[in-house]
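Peer 1: A structural model of the following input is requested.
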Amino acid sequence: MKLQYIVVLVLAGIGYGMIEPGRLTYAFGHATLYVLLPALLFEAAWNLRYRAMLRGWRAIAILAVPGVLLTAVLIAGALAVVHVPFKTGLLAGAILSATDPIAVVGIFRRMRVPALLSTIVECESLFNDAVAVALYRAVLAAVLAGSVGAAGLAQISATAIAGVIGGIAIGIGIAFVAAALLRNRNDVVLQILATGLCAYVSYYAADRLDCSGIFATIAGGIAIRSFERRWISLTVAEDVNRFWDVAALVANALVFFLVGAALDVSIVTLDPAFVLAALAGVMIARVAVSGLLLPTGYPREWLDVVRVAGMRGALSLALAIALPQVPQREAIIAATFAVALATIISSTLTVPPVVARVAARRPNG
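Peer 2: Here you go, the predicted structure:
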């Protein structure tokens with residue numbers, strides 16, 4: 001999806017939100033987390049370039065795990081400067097650590113950008129969303145329990161790891177069953193139905209079992225695509241591809257409209273110190289995270305793309321809106337709105353020239 005379309009959709013949503021303030025805010029959170037997100041995750045996992053993913057696994061792993069943890073801690077540190085308790089800051093950091101580079105990936109698909117770079121950025125979004133949500137759930141549980149000390153951090157880590165492993169296992173298991181039941185049945189409708197069920201059943205089953213629904217859907221998408229590449233005809237596979245391309249386009253359009261409708265610019269001034277500290281933390285963290293890739297030997301222009309691809313959007317907003325009554329809940333929501341709006345605007349200005357420089361150089365990859 002082109003950047004200008006995203007801006008138009010967000011502005012249209014903001015216009016609707018001004019006419020009907022708050023009307024779609026509740027619907028946005030639930031629609032994003034339980035209707036639109038599984039489809040977007042599955043489509044991205046279904047279309048991953050596996051060879052490029054294996055080549056870039058180190059960079060992907062760095063961005064998805066240490067990158068998310070570093071982002072959350074740096075945001076918590078920035079908030080500590082304005083006297084926000086560490087547990088509240090860490091919760092805000094977990095919410096704001098999920099990136100959404102949909103606009104960047106859309107530009108990649110129109111320009112001659114190396115497949116490896118495109119895969120790294122897309123996989124960062126997929127996997128760091130999953131890690132961020134696992135971290136969010138674990139930190140939220142610790143906050144509600146009343147402590148995020150050394151023991152609390154150990155419990156957060158153990159809970160997050162268990163949720164990730166459980167989600168992956170659930171996704172692969174459901175994908176295997178779905179693919180096995182449809183083996184050699186080259187019916188387009190059945191295949192589309194099977195992939196759809198895999199996307200949503202994996203997500204809901206994992207969520208119900210307190211595991212990572214995001215990891216379940218990603219693992220299910222990767223696994224069922226691998227099975228179906230061996231078990232269905234190319235004609236049917238192309239039809240399934242087209243279905244998910246259209247589904248992702250519609251879901252993306254709805255997400256950005258709903259993001260605009262949910263944005264409440266007026267609350268950004270609710271706690272200016274909190275908001276400004278969160279914005280500073282996000283900017284510092286993005287530079288630090290892209291710097292983690294320096295030892296991996298990728299061109300500096302690639303690191304610039306990773307740095308500007310850190311747009312925050314629907315998932316961060318949905319997680320913030322879904323927060324129960326915790327200390328400084330409204331300030332966290334306000335900061336999330338501000339960061340989402342600021343990063344959407346900055347991506348519109350910075351992404352095209354940075355990606356154009358990479359495309360012009362056309363490095364190997």
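
Peer 1: Just give me the neighbour total for the residue lying closest to Asp239 once chain neighbours are set aside.
Peer 2: Spatial nearest neighbour of Asp239, excluding adjacent residues (Cβ to Cβ, 6 or more residues apart in numbering): Val188 at 4.5 Å. Where C-beta positions appear, they are placed from N, C-alpha and C, glycine not excepted. Under the neighbour criterion other Cβ atoms under 10 Å, Val188 is assigned a count of 17.

Peer 1: Check Thr119 too.
Peer 2: The tally of other residues near Thr119 (other Cβ under 10 Å) stands at 25.

Peer 1: how near is the residue nearest to Asp239 to Ala223?
Peer 2: Distance, Val188 to Ala223, by Cβ to Cβ, to the nearest Å: 20 Å.

Peer 1: Now for the chain, the helix or strand with the poorest mean pLDDT.
Peer 2: When each helix and strand of the chain is scored by mean pLDDT, DSSP states H and E, helix 102-108 comes last, with a mean of 62.

Peer 1: can you give me the helices for the stretch 101-250 of the chain?
Peer 2: For the stretch 101-250 of the chain, the helices defined by DSSP state H, counting those that start in this stretch cover 102-108, 115-145, 150-181, 188-208, 213-231, 234-262.

Peer 1: out of these, nearest to Ala356?
Peer 2: helix 102-108 (8.7 Å; Cβ to Cβ).

Peer 1: still on that earlier bit, could you dump the helices of the stretch 101-250 of the chain to JSON lines with distance to Ala340?
Peer 2: Formatted as JSON lines, the helices of the stretch 101-250 of the chain follow (distance: least, Cβ to Cβ, whole Å):
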{"stretch": "helix 102-108", "distance to Ala340": "13"}
{"stretch": "helix 115-145", "distance to Ala340": "14"}
{"stretch": "helix 150-181", "distance to Ala340": "24"}
{"stretch": "helix 188-208", "distance to Ala340": "23"}
{"stretch": "helix 213-231", "distance to Ala340": "19"}
{"stretch": "helix 234-262", "distance to Ala340": "7"}
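
Peer 1: Out of those helices, the one nearest Leu303 is which?
Peer 2: With Cβ to Cβ as the criterion, Leu303 lies closest to helix 115-145 of those, at 10.1 Å.
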